[in-house]
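[1] Here's my sequence, what's the structure:
(2 chains)
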Protein chains: 2
Amino acid sequence: MVLARGQFASTALLGTGTIPEFMMKFCPSCGQPVELRVPAGDNLPRAVCSACATIHYENPRVIVGCVPEWQGRILLCRRAIEPRLGYWTTPAGFLEIGESLQCAAARESSEEALANVSIGSLLTVTNVLHAAQVHVMFRARLLDGQFGLGAESLEVGLYEEAEIPWDRIAFPSIDFALRCYLEDRRAGVEALHFHDIDRRLESP
Amino acid sequence: MVLARGQFASTALLGTGTIPEFMMKFCPSCGQPVELRVPAGDNLPRAVCSACATIHYENPRVIVGCVPEWQGRILLCRRAIEPRLGYWTTPAGFLEIGESLQCAAARESSEEALANVSIGSLLTVTNVLHAAQVHVMFRARLLDGQFGLGAESLEVGLYEEAEIPWDRIAFPSIDFALRCYLEDRRAGVEALHFHDIDRRLESP
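    Purely as a prediction, here's the structure:
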């Protein structure tokens, strides 16, 4: 799908009538089929229950993580799970109900790398438009230099900048966060960087 | 519900067995009942379909908005819709699938105040834990000083700092954003401010 830049993207992602593959087909409240239509007073198609009339809103999800550093080296994990099994990432995952962004970033470091981190400043925010996700990455410090192999990791280690496997980074938003982190560290600043990724804009 | 501070909040928000009021009861993929249980390899209870076994993840939603300024005055809207009908806010609303945070902030200004804005730096991020929301607010400028009455607004206007109706602001995250905006403006800086709101921690 090709979008004009500047166009409000959400209206172009959904059409009325047919229900896209990623959207719900049955009402989570009563179990009857939903239809895709624009409710009164709204301007976007929503999943509306054909029986109980409940309107179900589907919204982007937040992925949150951090770039943990210890004595100049960066904590990286090689993924033991899909997607991108075998590729490298910093700790990151879905924000869960009931936790703050910072809490989630620390939890992911604990789960994926058995590492206790102190969360610092906000590093990057990447709008991943084709995936309906926002990827939020913080700077972080290992508290004690300790780490280990979490259940979702094949390898975990601390790496010098020159050792980072740039051709095997799992996700573009992680690549972006690592490059921003290192560039800012060289410059002695802690800036916030925004980035949009939209595969809908790519040629087929 | 009372949580110990520092505890990973998500595990405390949900129990297994019974399905909280805000969670789905039927499978959006096939329409059969879901049950709340911890899937293999996970550590949080999820809605799992009793028939097709699909695991449905529910995650926090993002509210995004901005504080638009024109010649020193702030654009405020009085809400024509619930919740908080009749109270004042800056333009803000749910991030929709397929749009960036910045695009959503501009769209909300267009919808609620018929205003064209240029989105600036990130102002505040508020983790609203009891509501499973993240509220993201940007600085903004009106492009031409023009505005009008959007369908969701009873009144729209540009207000001097001394005219802001502090006792009738619709949401704590908007109050927080306005106060940060004005304080930073006085100091001549554009900082990023974080804030957690958690009514689960309040005494009943």
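
[2] the strands in chain A, which residues?
    Secondary structure of chain A (DSSP state E): strands at A:34-37, A:46-49, A:55-56, A:61-70, A:73-79, A:88-89, A:92-94, A:117-128, A:133-142, A:153-159, A:193-197.

[3] how about A:Ile74, what does it touch?
    Taking Cβ atoms under 8 Å, 6 or more residues apart in numbering or on different chains, we find A:Ile74 in contact with A:Val67, A:Pro68, A:Thr90, A:Leu158, A:Tyr159, A:Glu161, A:Ile164, A:Leu178, A:Tyr181. Yep, even glycine has a C-beta here, placed from its N, CA and C like the rest.

[4] One more: A:Leu85?
    A:Arg79.

[5] Report pLDDT for A:Tyr57.
    We have a pLDDT of 93 for A:Tyr57.

[6] thought it was touching B:Phe94?
    Yes: assessed by Cβ atoms under 8 Å, A:Tyr57 is found in contact with B:Phe94 at 6.8 Å.

[7] re earlier: can you say which of the strands of chain A is nearest to B:Arg199?
    Checking the strands of chain A against B:Arg199 by Cβ to Cβ gives strand A:61-70 as the closest, at 20.4 Å.

[8] Now do A:Pro91: how many residues are near it, please.
    By other Cβ atoms under 10 Å in any protein chain shown, 32 other residues sit near A:Pro91.

[9] That one and A:Glu108 touch, don't they?
    Yes: using Cβ under 8 Å, A:Pro91 is in contact with A:Glu108, at 4.2 Å.

[10] list residues touching both of A:Tyr57 and B:Phe94?
    With Cβ under 8 Å, 6+ apart, A:Tyr57 and B:Phe94 have common neighbours B:Arg61.

[11] ok, back up a step: which of the contacts of A:Ile74 count as buried?
    Among the contacts of A:Ile74, those classed as buried by 16 or more other Cβ atoms under 10 Å in any protein chain shown are A:Val67, A:Pro68, A:Thr90, A:Leu158, A:Ile164, A:Leu178, A:Tyr181.

[12] just to revisit the earlier point, so can I have JSON lines of the contacts of A:Ile74 showing pLDDT and distance to chain B?
    Output for the contacts of A:Ile74, formatted as JSON lines (pLDDT from 0 to 100; distance: Cβ to the nearest Cβ, whole Å):
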{"residue": "A:Val67", "pLDDT": "99", "distance to chain B": "17"}
{"residue": "A:Pro68", "pLDDT": "98", "distance to chain B": "17"}
{"residue": "A:Thr90", "pLDDT": "98", "distance to chain B": "19"}
{"residue": "A:Leu158", "pLDDT": "98", "distance to chain B": "24"}
{"residue": "A:Tyr159", "pLDDT": "98", "distance to chain B": "27"}
{"residue": "A:Glu161", "pLDDT": "98", "distance to chain B": "26"}
{"residue": "A:Ile164", "pLDDT": "98", "distance to chain B": "27"}
{"residue": "A:Leu178", "pLDDT": "98", "distance to chain B": "21"}
{"residue": "A:Tyr181", "pLDDT": "99", "distance to chain B": "17"}
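
[13] Now distance to A:Ala104 too, for the residues you listed, in CSV please.
    As requested, the contacts of A:Ile74 are exported to CSV (distance: Cβ to Cβ, whole Å):
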residue, distance to A:Ala104
A:Val67, 15
A:Pro68, 14
A:Thr90, 13
A:Leu158, 22
A:Tyr159, 23
A:Glu161, 26
A:Ile164, 24
A:Leu178, 19
A:Tyr181, 18
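
[14] shaky segments in chain A?
    By pLDDT under 70, the weakly predicted segments of chain A are A:1-22, A:203-204.

[15] Give me the longest helix you can find in it.
    Across chain A, the longest stretch assigned as helix under DSSP state H is helix A:172-187.
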